[in-house]
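>>> Need the 3D shape of this:
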Amino acid sequence: MNITRRTLAHAVAIAAMTGASLATAAGYPEKPVTIMVGFSAGGPTDVVARVLAEKLSQKFGQSFIIDNKAGASGAVAANLVKKAAPDGYTLMIGSSSTLSIIPFVQKGVQYDSLKDFTPIALVASYPYYLTVPPNSRFKTYDELVAFARQKDNQLTYASAGNGAVNHLAGEWFRNETGINALHVPYKGDSAAITDLVAGRVDFAFLAGVVAIPQVQAGKLRILASASSEADKGLKDTLVIGQQKLPGFAAEPWNGLMGPAGLPADVVSKLNTAVNEIMASPEVKSKLLTLDQYPFTSTPAQFKDYIQKQSTHWANVIRKSNIVLE
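Presented below is the predicted three-dimensional model:
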């Protein structure tokens with residue numbers, strides 16, 4: 001067989017690239033890893049990200065650092081990760097609003113959830129709760145709905161922003177119940193909660209990790225859960241989808257992502273680590289105290305989940321006539 005210089009050089013180059021890839025996977029991570037979070041500190045996505053980052057740091061002996069880049073329902077962080085080198089050192093905690101809502105319903109989004117990122121592993125989900133101020137006239141779900149169905153009565157509801165899951169949940173709820181309710185978007189859950197506690201808005205769908213401490217402090221009250229299952233969420237709480245509106249559920253989720261083109265062996269290494277962490281009794285217990293429900297998944301299952309969730313929320317938007325600017 002005649003081997004030319006060009007063929008030999010090509011073979012050497014391929015061998016070098018393969019060796020580099022193997023070395024990267026074998027030694028990964030060799031330096032600190034940044035995990036971008038597209039929401040402010042203290043919110044449900046940030047909380048689960050910090051639990052995961054702490055355990056990944058312990059498992060790999062390298063720092064996994066949370067970098068909050070809040071804005072546009074997570075799109076700010078997503079665009080940064082999209083442009084990052086696919087070497088495993090810039091990752092993202094993706095969310096349902098960032099990956100399964102915004103790209104499919106809002107004009108001008110600069111990323112494709114299924115093409116511009118590498119799914120690594122689902123992390124956790126959490127139910128929303130129908131929440132009101134402490135001095136609200138409404139003591140029950142039925143009282144709120146009955147009042148707001150009357151022609152001259154209009155309520156206001158808060159969300160973390162246009163396109164956030166609690167925005168879509170509010171519109172879905174309004175459409176299904178026939179109540180009169182005006183959406184008031186905020187820049188994150190913290191600002192929404194501030195006005196809800198003060199009684200400047202009438203209700204909101206909030207995650208347990210932010211709502212429950214306020215309830216315990218006497219600053220908010222919960223009327224119902226938007227959980228998909230009766231045994232999820234707070235006990236002795238009315239479950240809207242089980243008892244009032246069949247099929248109604250608002251359960252945001254989070255998962256670990258990387259840029260498109262992330263090496264398969266790095267993905268596999270991270271996926272194994274995340275699944276081990278999420279399955280550990282310690283982390284399960286910690287997340288459950290935060291009203292978060294851990295997942296284990298393969299990268300392929302995560303990708304399929306994103307697609308199914310995208311279809312689900314697109315249907316909600318269409319049926320509820322939601323318009324996002």
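>>> check which helix or strand covers residue 129.
strand 128-132 (DSSP states H and E).
>>> And the residue nearest the centre of the chain, its phi and psi?
In the chain, the residue lying closest to the centroid (Cα atoms, centre = their mean) is residue 95, at 2.6 Å. Residue 95 has phi and psi values of phi -130, psi 170 when expressed as degrees, to the nearest 10.
>>> Tell me, how many residues neighbour the nearest residue to residue 227 once chain neighbours are set aside?
Of all residues not flanking residue 227 in the chain, residue 127 sits nearest, at 3.7 Å (Cβ to Cβ, 6 or more residues apart in numbering). The C-beta positions use only the backbone N, C-alpha and C, and glycine is treated the same way. Residues lying near residue 127 (other Cβ atoms under 10 Å) number 26.
>>> do residue 191 as well
Applying other Cβ under 10 Å, we find 15 other residues in the vicinity of residue 191.
>>> Counting neighbours, what do you get for the residue lying closest to residue 188 once chain neighbours are set aside?
In space, and not counting its chain neighbours, residue 188 is closest to residue 40: 4.8 Å by Cβ to Cβ, 6+ apart. The number of residues packed around residue 40, counting by other Cβ under 10 Å, is 18.
>>> quick one: strands adjacent to the strand holding residue 129?
According to DSSP bridges, strand 128-132 forms sheet pairs with strand 203-207 (antiparallel), strand 221-225 (antiparallel).
>>> now these as JSON lines including distance to residue 237, mean pLDDT and mean neighbour count?
Formatted as JSON lines, the strands paired with strand 128-132 follow (distance: least, Cβ to Cβ, whole Å; pLDDT from 0 to 100; neighbours: other Cβ atoms under 10 Å):
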{"stretch": "strand 203-207", "distance to residue 237": "13", "mean pLDDT": "97", "mean neighbour count": "28"}
{"stretch": "strand 221-225", "distance to residue 237": "5", "mean pLDDT": "97", "mean neighbour count": "23"}
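>>> any chance of those strands in JSON lines, plus distance to residue 172?
Listed next are those as JSON lines, based on distance: least, Cβ to Cβ, whole Å:
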{"stretch": "strand 203-207", "distance to residue 172": "9"}
{"stretch": "strand 221-225", "distance to residue 172": "14"}
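>>> Determine which of those approaches residue 280 most closely.
Smallest distance to residue 280 across the strands paired with strand 128-132 (Cβ to Cβ): 22.4 Å, for strand 203-207.
>>> What helices and strands are in contact with the strand ranked longest in the chain?
Counting residues, the longest strand found in the chain (DSSP state E) is strand 117-125. Strand 117-125 sits against helix 44-60, helix 75-82, strand 90-95, strand 253-259, helix 264-279, strand 293-294, helix 299-320, with contacts defined as 3 or more Cβ pairs under 8 Å, 6 or more residues apart in numbering; DSSP states H and E.
>>> So what touches the helix or strand following the strand holding residue 129?
Of the helices and strands lying after strand 128-132 in sequence (DSSP H and E), the nearest is helix 141-148. Residues outside helix 141-148 that contact it (Cβ atoms under 8 Å, 6 or more residues apart in numbering) are 130, 132, 137-138, 153-155, 177, 179-181, 203, 223-224, 238, 240, 244.
>>> Now helix 141-148 - C-alpha only, CSV.
Taking C-alpha atoms only, helix 141-148 is exported to CSV below (Å, rounded to 0.1, in the frame of the first residue of the first chain):
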residue,chain,number,x,y,z
TYR,A,141,-60.0,28.7,45.5
ASP,A,142,-63.8,28.7,44.9
GLU,A,143,-64.2,32.2,46.5
LEU,A,144,-61.6,33.7,44.1
VAL,A,145,-63.0,32.1,41.0
ALA,A,146,-66.6,33.0,41.9
PHE,A,147,-65.7,36.6,42.5
ALA,A,148,-63.6,37.1,39.4
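>>> What average pLDDT does that helix get?
The predicted model gives helix 141-148 an average pLDDT of 98.
>>> and if you look at stretch 310-319?
Throughout stretch 310-319, pLDDT has a mean value of 87.
>>> likewise stretch 40-50?
Across stretch 40-50, the average pLDDT comes to 91.
>>> same deal with stretch 284-297?
For stretch 284-297, the per-residue pLDDT averages 94.
>>> Endpoint to endpoint, that stretch covers what distance?
This stretch, stretch 284-297, spans 15 Å end to end (Cα to Cα, to the nearest Å).
>>> what residue ranges in the protein score low on pLDDT?
Applying pLDDT under 70 to the chain flags the ranges 1-25, 104-105, 323-325.
>>> domain parsing for it?
Using automatic domain parsing, the domain parsing of the chain gives 5-23+31-126+253-320, 128-243.
>>> got the contact list for residue 198?
So residue 198 contacts residue 133 (Cβ under 8 Å, 6+ apart).
>>> what does the strand holding residue 129 rub up against?
Against strand 128-132 from outside (Cβ under 8 Å, 6+ apart): 138, 141, 144, 165-166, 169, 173, 196, 202-208, 211, 215, 220-226, 233-234, 237, 240, 250-252.
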